[in-house]
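# Let me see the structure of the following:
(one chain, ligands or ions: 2)
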Amino acid sequence: MSRNNELQDIMDLLKKLEGKKYGICIRDTEGIIKYINSIYLKNINCEAESFIKGDKKESILNERDCYLKQKTIKENNVCEKDPFIKFIGKSDSISEALNIATKASKGNSNVVIFGESGTGKELIAEGIHKGSYRANGPFIRVNCAAIPSNLLESELFGHERGAFTGAIRKKLGKFELAENGSIFLDEIGDLEKSLQVKILRVIQEKEFQRVGGEETLKTNARIIAATNRNLKKMVEQGDFREDLYYRLNVIPIQLPPLRNRKDDIELLIDYFLEKMNLQLNKNVKFITGRAMKVFMNYNWPGNIRELENIIERIMTLIDEDYIDIHHIPKGILEQDKTFINENDKSKGGINNILSISAKDEILPLKVYEKKIIETALKKYGSFNAAGKALGISHKTVAAKSRQYGVEKQVIWDKRNKVK
Ligand SMILES: Nc1ncnc2c1ncn2[C@@H]1O[C@H](COP(=O)(O)OP(=O)(O)O)[C@@H](O)[C@H]1O
Ligand SMILES: [Mg+2]
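Ligands and ions are numbered 1, 2, ... in the order given. Predicted structure coming up:
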């Protein structure tokens, strides 16, 4: 395809997406797909617009030296070509992990993913499976820490009828279910020693027996393991078999905690905003700079899982179309010393519009406008009276209150009018 055709395709695509709340992917010259949020999309749209109008922007592609590929970021409708599309992050440590994971997905070696809880180990494991030739086979998860050890063996290898009390019928184990696919052994560090031997046998001989069974069964499932524990140290302390450690640890992937890759926080928040807007049918457009600062200063012990949960909680409860400090759970605010200090110093912000000073963060005008319209309606209870007080027509008040979604104040206020 010629450069011009390619460019035209992109312009057509951008035109179609314009104004819609879609994320798009951008594939750079090395073929790496990156997620670009919709705010960025707006900028690109503007650039495309001026390009189409014929001024200056001939360099849009030269400068970026990449071509755009459209994809909505709606869950389940993701770019099939990139198995890690749901994995967001561009910090160095994450790019390195992704790079190894991508290469690992093409091979058949055992992989262990290390990282604290919530850092995305399972997401990476899924990506490795989806990127492999086994993608059409099953991806079977087993959480070795969640299943009592006396049941784990039969969970992994299955059991014959009557193998133990309660085994009323034959059951297939996860290794059998993972035939032609991948088995994800999560929290492998929590595996008891007796089971460690059995897993070692599966890796070495590719065979196992059901509990209470005689028959030797073959498996071709690929093992992807994960743990939040330091396996090497466990080996030194005699808690994890050394032979199993080396068998598993052919390709180690280290996922950093979120507090060590703060560059990614903004990107992740944008992604979750977009995702929750679709899921919860909301229209939250941005997060204020000072709220973002609090998120950046927080140390995220629960990593991305915690961040995702907090954004979901905020977005479920929110009435406004932006996230500000008062939406953030107390526990997180309290940890933020800079915020507490700054808040002592300046009492500016949306609730103190008139005392705002140059020290404060200045919010977009419409945030103040919304607050003023809302307060006026609350106080006066009608478009007419609010309009008089604000020195604008009742039509303007009505239009703006609809725009900001605060017109309900009128009805509310008829009953609870402030005298
Ligand atoms: N890099 C990432 N981009 C987007 N979502 C992520 C990322 N890492 C983790 N998540 C999300 O965070 C949650 C926890 O991830 P998970 O893979 O279960 O972590 P772990 O297995 O390390 O505990 C999941 O909902 C997952 O989708
Ligand atoms: Mg997990």
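
# Residues of the chain that sit close to ligand 1?
86-89, 115, 117-123, 304-305, 308 (Cβ under 6 Å from any ligand atom). Where C-beta positions appear, they are placed from N, C-alpha and C, glycine not excepted.

# What about those residues, which are in strands?
Judged by DSSP state E, strands contain none of the residues of the chain next to ligand 1.

# So which of those sit within helices?
The helices, defined by DSSP state H, take in 121-123, 304-305, 308 from the residues of the chain next to ligand 1.

# Select from the residues you listed the one having the most neighbours.
Lys121 (24 neighbours; other Cβ atoms under 10 Å).

# what helix or strand is Ile183 on?
Counting by DSSP states H and E, the element that carries Ile183 is strand 182-186.

# Give me the sheet partners of that strand and which way each runs.
strand 139-143 (parallel), strand 222-227 (parallel) (DSSP bridges).

# Which is the succeeding secondary structure element to it?
Later in the chain than strand 182-186, the nearest helix or strand by DSSP H and E is helix 193-205.

# Kindly present the strands paired with strand 182-186 as TSV, with separate columns for mean neighbour count and distance to Val197.
Output for the strands paired with strand 182-186, formatted as TSV (neighbours: other Cβ atoms under 10 Å; distance: least, Cβ to Cβ, whole Å):
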stretch	mean neighbour count	distance to Val197
strand 139-143	18	17
strand 222-227	25	15
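
# how about these in JSON lines, adding mean pLDDT?
Converted to JSON lines, the strands paired with strand 182-186 look like this (pLDDT from 0 to 100):
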{"stretch": "strand 139-143", "mean pLDDT": "96"}
{"stretch": "strand 222-227", "mean pLDDT": "97"}
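
# Any chance of TSV for those strands, columns distance to Ile100?
Listed next are the strands paired with strand 182-186 as TSV, based on distance: least, Cβ to Cβ, whole Å:
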stretch	distance to Ile100
strand 139-143	19
strand 222-227	13
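
# Leu98 is nearest to which of those?
In terms of Cβ to Cβ, the element of these nearest to Leu98 is strand 222-227, at 15.1 Å.

# Can you pull out the residues in contact with that closest one?
108, 110-115, 121-122, 125, 128-129, 132, 134, 181-190, 199, 202-203, 248 (Cβ atoms under 8 Å, 6 or more residues apart in numbering).

# And for stretch 327-339?
290-291, 293-295, 297-299, 310, 313-314, 317-318, 320, 325, 340.

# quick one: average confidence on it?
When pLDDT is averaged along stretch 327-339, the result is 80.

# So, low pLDDT: which residues of the protein?
1-81, 337-352, 354, 408-419 (pLDDT under 70).

# just the strands in it please.
With DSSP E as the criterion, the chain has strands at 24-28, 33-36, 66-69, 111-114, 139-143, 158-159, 171-172, 182-186, 207-209, 216-218, 222-227, 251-254, 286-287, 322-323.

# counting contacts, what elements does the fourth one pack onto?
Taking 3 or more Cβ pairs under 8 Å, 6 or more residues apart in numbering; DSSP states H and E as the contact definition, the neighbouring helices and strands of strand 111-114 are helix 121-130, strand 222-227, strand 251-254.

# for the strand holding Ile183, the distance to its chain's centre please.
Chain-centre distance of strand 182-186: 21 Å, with Cα atoms, centre = their mean, to the nearest Å.

# Over to stretch 386-404?
From the chain centre to the centre of stretch 386-404 is a distance of 39 Å (Cα atoms, centre = their mean).

# go on, stretch 252-268?
Worked out by Cα atoms, centre = their mean, stretch 252-268 lies 11 Å from the chain centre.

# how long is that stretch from one end to the other?
One end of stretch 252-268 sits 24 Å from the other (Cα to Cα, to the nearest Å).

# Would you mark the buried spots in that stretch?
Neighbour counts over stretch 252-268 (16 or more other Cβ atoms under 10 Å) mark 253, 255-258, 261, 264-265, 267-268 as buried.

# ok so, going back, and the furthest pair within the contacts of stretch 327-339?
Among the contacts of stretch 327-339, the pair separated by the greatest distance (Cβ to Cβ) is Asn299 and Glu320, at 26.7 Å.

# Specify which residue of those two has the higher count of neighbours.
Ranked by neighbour count (other Cβ under 10 Å), Asn299 and Glu320 place Glu320 first, with 18 against 12.

# got a list of what the more buried one touches?
By Cβ under 8 Å, 6+ apart, the contact list for Glu320 reads 284, 327, 370.

# now with 6 Å?
If a contact means Cβ atoms under 6 Å, 6 or more residues apart in numbering, then Glu320 has no contacts.

# Could you report the neighbour count for Pro364?
Here the number of neighbours of Pro364 (other Cβ under 10 Å) works out to 12.

# quick one: it and ligand 1, what's the gap?
27 Å (Cβ to the nearest ligand atom, to the nearest Å).

# go on, Phe139?
On the measure of Cβ to the nearest ligand atom, Phe139 and ligand 1 end up 13 Å apart.

# who's in contact with the closest residue to ligand 1 within the stretch 101-250 of the chain?
Nearest residue of the stretch 101-250 of the chain to ligand 1, counting by Cβ to the nearest ligand atom: Gly120, 2.7 Å away. With contact set as Cβ under 6 Å, 6+ apart, Gly120 has these partners: 255, 304.

# Can you pull the phi/psi pair for it?
Note on Gly120: its backbone torsions stand at phi 100, psi 20 [degrees, to the nearest 10].
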